[in-house]
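> sequence and predicted model, in that order:
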Amino acid sequence: MFKDKVVWITGASSGIGEAIAIEMAGKGARLIVSARRQPELERVKAACVSAGASAENILVLTLDVTDEAAMPGAVKTAQGQWGRIDMLLNNAGISQRSLCVDTDMATYRKLFDVDVFGQIALTKAVLPVMIGQGSGHMAVTASVAGKIGASKRTGYCAAKHAMMGFFDALRTEVARQGIKVTTITPGFIRTAVSENALNGDGSTFGEMDKNIAGGMDATKCAKVIVRGFEKGKYEIPVGEGIEMKALLIKRFFPNRLFKIVERIG
């Protein structure tokens with residue numbers, strides 16, 4: 001399915017994005033890997049080559065998703081590399097670890113700039129390319145936090161809820177133009193997401209959460225996600241912990257879930 005397909009992944013310098021890039025490389029995709037840190041992207045490129053990709057089939061394209069002015073040039077470069085963009089995986093993101101009462105508005109705005117407006121801006125920039133092709137696949141790494149509220153994550157949950165709503169709505173607009181839309185809802189995945197999270201004042205949290213440390217391996221997570229793409233799933237839940245059961249509890253017994261998360265909080 002992904003042989004010679006052009007797949008653009010943001011937030012590809014670590015975690016889920018890196019793991020998906022490596023998984024896609026093994027399936028013969030032509031990859032565009034983006035993030036702010038070029039040295040880390042070069043490391044990911046080397047890992048993709050080790051997984052079986054040709055170096056000529058991997059484009060390192062540095063991009064800060066909060067830099068909206070850079071989007072047109074980035075899209076032009078991405079499309080110009082192989083003449084098309086078959087998939088955009090909006091995976092860049094940042095989390096939070098602070099109570100609402102302790103969180104500056106500037107921190108909330110930063111969360112939304114990265115997790116929401118950056119994803120929307122790049123999606124809007126790539127969408128005309130896919131419409132012109134008559135095909136394409138938009139995907140976003142949301143979160144279980146995009147469906148369930150959690151303590152010390154008011155901004156993160158709000159941002160991920162926004163992404164679920166935006167891409168679900170986008171799906172209704174582009175389905176008849178040959179464009180697929182997939183939302184991904186990971187639970188606890190063993191990445192640096194908590195270490196890179198923001199405190200209320202915008203500083204870096206810098207610690208590994210117990211739940212994250214005990215979460216699903218990122219490589220295993222990537223395999224589940226890519227398999228979901230191959231099966232044509234609109235939404236891909238991925239995780240191994242109790243948080244995945246919470247999705248079902250909220251669907252059928254929402255009040256029970258609200259009480260459970262209140263006790264945890």
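Ah, there it is. Numbers count the residues shown, from 1 in each chain.

> use CA for all of it now, contacts and neighbours both
Will do.

> hang on, Leu31 in a strand?
Yes - applying DSSP: H, G, I helix; E, B strand; the rest coil, one finds Leu31 inside a strand.

> which stretches of the stretch 51-200 of the chain form strands?
Counting by DSSP state E, counting those that start in this stretch, the stretch 51-200 of the chain has strands at residues 58-60, 87-90, 136-141, 179-186, 189-190.

> mind putting those strands into CSV with mean pLDDT and mean neighbour count?
As requested, the strands of the stretch 51-200 of the chain are arranged in CSV below (pLDDT from 0 to 100; neighbours: other Cα atoms under 10 Å):
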stretch, mean pLDDT, mean neighbour count
strand 58-60, 98, 21
strand 87-90, 98, 25
strand 136-141, 98, 23
strand 179-186, 98, 23
strand 189-190, 97, 23
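
> go through those and name the closest to Thr172.
Checking the strands of the stretch 51-200 of the chain against Thr172 by Cα to Cα gives strand 179-186 as the closest, at 9.0 Å.

> OK, contacts around Ala158?
Applying Cα atoms under 8 Å, 6 or more residues apart in numbering, one finds that Ala158 lies in contact with Gly146.

> closest to Arg153 out of the strands of the stretch 51-200 of the chain?
Put simply, out of these the one that sits nearest Arg153 is strand 179-186, at 15.2 Å, with distance taken as Cα to Cα.

> can you list the strands that that closest one pairs with?
According to DSSP bridges, strand 179-186 has the following sheet partners: strand 136-141 (parallel), strand 235-238 (parallel).

> can I get those in JSON lines with distance to Val226?
Conversion of these to JSON lines gives the following (distance: least, Cα to Cα, whole Å):
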{"stretch": "strand 136-141", "distance to Val226": "11"}
{"stretch": "strand 235-238", "distance to Val226": "9"}
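
> I'd like to know which of these lies nearest to Arg256.
Arg256 lies closest, by Cα to Cα, to one member of the strands paired with strand 179-186: strand 235-238, at 20.8 Å.

> what's the burial count for the residue lying closest to Ala145 once chain neighbours are set aside?
Of all residues not flanking Ala145 in the chain, Cys157 sits nearest, at 4.9 Å (Cα to Cα, 6 or more residues apart in numbering). Summarising burial for Cys157: neighbours were counted as other Cα atoms under 10 Å, giving 23.

> so what's Cys157 up against?
With Cα under 8 Å, 6+ apart as the criterion, the residues that contact Cys157 are 145-150.

> between those residues, which sits nearest Arg84?
For Arg84, the nearest member of the contacts of Cys157 is Gly146. The distance, counting by Cα to Cα, is 30.5 Å.

> could you report the neighbour count for that closest one?
Look at Gly146: counted by other Cα under 10 Å, it has 21 neighbours.

> surely it is in contact with Thr154?
No - using Cα atoms under 8 Å as the test, Gly146 is too far from Thr154 to be in contact (10.7 Å).

> give me the pLDDT for Gly73.
For Gly73, the pLDDT comes out at 97.

> what's the closest non-adjacent residue to Ile249?
Nearest-residue entry for Ile249: Leu257, 6.1 Å, with adjacent residues in sequence omitted and distances by Cα to Cα, 6+ apart.

> which other residues reach the helix or strand in which the one you found is found?
When secondary structure is defined by DSSP states H and E, Leu257 falls within helix 254-264. Here helix 254-264 makes contact (Cα under 8 Å, 6+ apart) with 149-151, 246, 249-250.

> quick check, pLDDT for Gly241.
The score at Gly241 is 89. That number is its pLDDT.

> count the neighbours of it for me.
Applying the criterion other Cα under 10 Å, we find 15 residues in the vicinity of Gly241.

> swap in Phe252?
A total of 10 residues lie near Phe252 under the criterion other Cα under 10 Å.

> Lys223 contacts Glu23, doesn't it?
Yes - the pair Lys223 and Glu23 qualifies as a contact (Cα under 8 Å) at a distance of 6.8 Å.

> what about Met87, distance to Arg30?
Taken as Cα to Cα, to the nearest Å, the spacing of Met87 relative to Arg30 amounts to 10 Å.
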